[in-house]
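S.K.: Turn this into a model:
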Amino acid sequence: MEDSNRCPNPSIHDVSQPSRRTLLRGAAASAFLAPLAGLGLAGCATTGGGATGTALGFKGLPISNADTITVPEGYTAQVIAPWGDPVGLSGEMPAYKADATNSAAEQEAQFGMHHDGIHFYAQSATSGLLVMNHEYTDDGLLHAGGMASWTAEKVRKAQAAHGVSVCEVALADGLWRVVQPSPWARRITARTPMAVTGPAAGHAMLKTAADPSGRRVLGTFNNCGSGITPWGTYLTCEENFINYFKGPDQPDAHQARWGLRKGDPAGYRWHEHDERFDAGKHPNEPNRHGWVVEIDPSNPSSTPVKRTALGRAAHEGATVAVTRDGRAVVYMGEDSRFEYIYKFVSAGRIQSGGAAANATLLDTGTLYVARFDADGRGRWIALTHGEGALTAANGFADQGEVLIKSRQASDRLGATKMDRPEWIAVDRQGWVYCTLTNNSNRAGKDQPGVDAANPRANNGMGHIIRWKEDGDHDGLAFQWNHFVLAGDPLNERAEAKGNVQGDAFACPDGLWVDARGVLWIQTDMSTSAMGKGELAGLAHNMMLAADPATGQIRRFLTGPAGCEITGATGTPDGRTMFINIQHPGESPSERSDPQAPTRFSNWPDKGANRPRSATVVIRRVDGGVIGA
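M.R.: Numbering: from 1, shown residues only. All right, here's what the predicted structure looks like:
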């Protein structure tokens, strides 16, 4: 995991009191919160703003080591859209080959690898479009022979397995199926042309020999979390993009701040057959990635757009809220150690008329970065050129450069370094939740140490922080607390016990609030640590349901061996949920042995078939609402 933030940002760490903001339970909580009543924080710390509870109508599952999907009694789990199946492009529906001999051209018409963020766009009560991200590739599974005899064809195939898939799905005879062919089907890959808009479009730092305009980029990749807009578009987020680039011989300060190292060999090896991924030869190419990309799934011929006004980061997701006067607010985390939480507030208001009427809405507005103070308050600091330290004298020539260097700008502004902020969700009372998946380095040499928002020095278990804006979602100040510190109460180390009210878990990642107000939590324990040490008692990754009002948490699903549970969406009636299973069978090294692809899992096809990421459809046997 990238860890390239070496700015001191000492402003709050010297005065932080971690115990002040930790959410406690039961009698201990009552005693602890009584002195805070005068601050108006006691109620919000335990009840989600006074909301009544949301019933969780299922029995929590035990942990599982089984190489399968487990759901509560009375529920079913159906697999659709696995990696390698055709997405439904008319005239291009190549079948998946279990020996990994599909060509690059065939992969461009198939679902990509390692499904992540996902959303369902309803067209009727029983049909709609599924849009999903494909984060990265395991080249040991993707190619026959793995990375041996590395060729341009293998690079093209890997690039085709990245990006986004759009498919049509329909319910018939009690089962959901991918419609093939479909006029809506589409693949967006690491080679798909993209437009660049907003303040950084055309900037000198985005120009290359292949694109002297700085307004036309090839591809999106390492697409992790996602978001949806009220006008019907999909936001896909470019996360660990820097890992795809070979580092220059002498990285400058900007490149180093973004994780480029001297002579870094770039483990994906794309630069060996696609020169733009050699940052020594093309130093501006990395600046063209790390953006939020907007896609219109209802228009298969539309060009994806990189929205630079939202800032450049290792984006995990982009969750959209709406102010009372109709402006869009986009909350974003950056999944790297000691990076930041952002929000963007649009200048204009959302217009009726769908994507066409809001085609430029995300191009103008203000980007902010969060600071969490030790007294349970926080504020948003604008990343605006000419304000405060964001001047030409400090290396920010204009607003475009501020956005391209959003990390450096946040460093200068004294934002709070977080423990890997990932997915963000907003509940029905206006609380905004962010998963901080883990960070074992906070007490390391030259690191900031604990602070109020990140209270554990060796945070191997992760936590969920939440805040509520003063006034509306465009507010510049907020109150905050910890919704939960993840952990296992059976652990010996105090920091690893957590304070979960219900079923234990670690490393929270995906978040989603459903129509009933249930907060769904998905976990991503690393395969290198899963089942070992303080994670030994938690077995496989899982999905849990939480009541934001009471803090009660129950385990709803457990996944197959080596997988991450990620992405959640559902039909408007709440009777179908779609989630993604990413990298089942992942090895501890995160790259499979091509000679033994089923060593750790053969889910979902079983037999001698290699493991495949896939979408899982969850329904109740009685047709009722999920989780109720």
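S.K.: any weak-confidence spans in the chain?
M.R.: Low-confidence regions of the chain, defined here as pLDDT under 70, cover residues 1-53.
S.K.: redo that, cut-off 50
M.R.: Counting by pLDDT under 50, the chain contains low-confidence residues at 10-51.
S.K.: Show me what the helix or strand hosting A545 is packed up against.
M.R.: Take DSSP states H and E as the rule and A545 turns out to sit in strand 542-546. When contacts are defined as 3 or more CB pairs under 8 Å, 6 or more residues apart in numbering; DSSP states H and E, strand 542-546 packs onto strand 519-523, strand 552-558, strand 564-570. Every residue, glycine included, has its C-beta placed from N, CA and C.
S.K.: what separates that strand from the chain centre, distance-wise?
M.R.: Relative to its parent chain, strand 542-546 has a centroid offset of 16 Å by CA atoms, centre = their mean, to the nearest Å.
S.K.: and if you look at stretch 129-141?
M.R.: Using CA atoms, centre = their mean, we find the averaged C-alpha position of stretch 129-141 to lie 13 Å away from the chain's own average C-alpha position.
S.K.: can you give me phi and psi for D411?
M.R.: According to degrees, to the nearest 10, the main-chain angles of D411 amount to phi -60, psi -50.
S.K.: What of H271?
M.R.: As for H271, its main-chain torsions (degrees, to the nearest 10) stand at phi -60, psi -20.
S.K.: burial of it, as a residue count?
M.R.: For H271, the neighbour count with other CB atoms under 10 Å is 23.
S.K.: if we can go back for a sec, and the angle for the strand holding A545 with strand 564-570?
M.R.: Relative orientation of strand 542-546 and strand 564-570, computed by axes from the mean of the first three to the mean of the last three CA atoms, to 10 degrees: 50 degrees.
S.K.: ranges for the helices of the stretch 1-150 of the chain?
M.R.: With DSSP state H, counting those that start in this stretch, the ranges of helices along the stretch 1-150 of the chain come out as 26-33, 42-47, 104-107, 139-142.
S.K.: hmm, back to that, render the CA-only coordinates of the strand holding A545 in PDB, please.
M.R.: Coordinates of each C-alpha in strand 542-546 appear next as PDB, following Å, rounded to 0.1, in the frame of the first residue of the first chain:
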ATOM      1  CA  MET A 542     -17.500 -10.600   5.100                       C
ATOM      2  CA  MET A 543     -20.400  -8.200   4.700                       C
ATOM      3  CA  LEU A 544     -22.200  -6.900   7.800                       C
ATOM      4  CA  ALA A 545     -25.300  -4.800   8.400                       C
ATOM      5  CA  ALA A 546     -25.400  -2.000  10.900                       C
END
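S.K.: Report the separation between the nearest residue to T189 once chain neighbours are set aside and V87.
M.R.: In this structure, T189 finds its nearest non-sequential neighbour in G163, 4.2 Å apart by CB to CB, 6 or more residues apart in numbering. Between G163 and V87 the distance is 11 Å, computed by CB to CB, to the nearest Å.
S.K.: Overlap in contacts, these two.
M.R.: R187 (CB atoms under 8 Å, 6 or more residues apart in numbering).
S.K.: Residues contacting the host helix or strand of V196, please?
M.R.: When elements are assigned from DSSP H and E, V196 belongs to strand 193-197. By CB under 8 Å, 6+ apart, the list of residues contacting strand 193-197 from outside reads 202, 206, 214-220, 288, 291, 293, 303-309, 360, 363.
S.K.: Show me those that map onto strands.
M.R.: Taking DSSP state E, the ones among the contacts of strand 193-197 that sit in strands are R216, V217, L218, V293, V305, K306, R307.
S.K.: among these, which two are most distant?
M.R.: Checked with CB to CB, the ones in strands among the contacts of strand 193-197 reach their widest spread between L218 and R307, with 17.1 Å between them.
S.K.: Those two: which has the busier surroundings?
M.R.: Neighbour count, other CB under 10 Å: between L218 and R307, R307 has more, with 25 against 18.
S.K.: surely that one meets L361?
M.R.: No - if you go by CB atoms under 8 Å, R307 and L361 don't touch, sitting 9.4 Å apart.
S.K.: all strands for the stretch 301-450 of the chain, in order.
M.R.: Taking DSSP state E, counting those that start in this stretch as the test, the strands found in the stretch 301-450 of the chain are 305-307, 319-322, 327-333, 337-339, 341-349, 365-372, 377-382, 418-419, 421-426, 432-436.
S.K.: how about the nearest residue to G317 once chain neighbours are set aside, what does it touch?
M.R.: Nearest in space to G317, with sequence neighbours left out and distances taken as CB to CB, 6+ apart, is G225 at 2.8 Å. Each residue near G225 by CB under 8 Å, 6+ apart is listed here: 116-117, 133, 237, 239, 315-318, 333, 422-423, 510.
S.K.: quick one: which of the residues you listed is nearest to S352?
M.R.: Ranking the contacts of G225 by separation from S352, with CB to CB as the measure, puts A318 on top at 22.1 Å.
S.K.: Can you name the residues that contact the closest one?
M.R.: Counting by CB under 8 Å, 6+ apart, the residues that A318 touches are G225, S226, G227, L235, C237, V292, L310, V330, Y331, M332.
S.K.: Check D472 too.
M.R.: In this structure, D472 makes contact with T323, R324, judged by CB under 8 Å, 6+ apart.
S.K.: Need the three-state assignment for it.
M.R.: When the structure is reduced to helix, strand and coil (DSSP: H, G, I helix; E, B strand; the rest coil), D472 reads as coil.
S.K.: Relative to L362, how far out is it?
M.R.: D472 is 19 Å from L362, where distance means CB to CB.
S.K.: Repeat that for R493.
M.R.: Distance, R493 to L362, using CB to CB: 44 Å.
S.K.: Looking at these two, which has the bigger crowd around it?
M.R.: Here R493 and L362 are set side by side on neighbour count (other CB under 10 Å), and the busier one is L362, at 26 against 13.
S.K.: wait, doesn't the more buried one sit right on V330?
M.R.: Yes - A contact is recorded between L362 and V330 when judged using CB under 8 Å, the distance being 7.3 Å.
S.K.: which neighbours do the two share?
M.R.: Common contact partners of L362 and V330 (CB under 8 Å, 6+ apart): V292, L310, F344.
S.K.: Filter those down to the buried ones, ChimeraX style.
M.R.: For the buried members of the shared contacts of L362 and V330, the matching ChimeraX selection, counting by 16 or more other CB atoms under 10 Å, is:
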select :292,310,344
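S.K.: Let me know the closest of the shared contacts of L362 and V330 to R610.
M.R.: V292 (32.4 Å).
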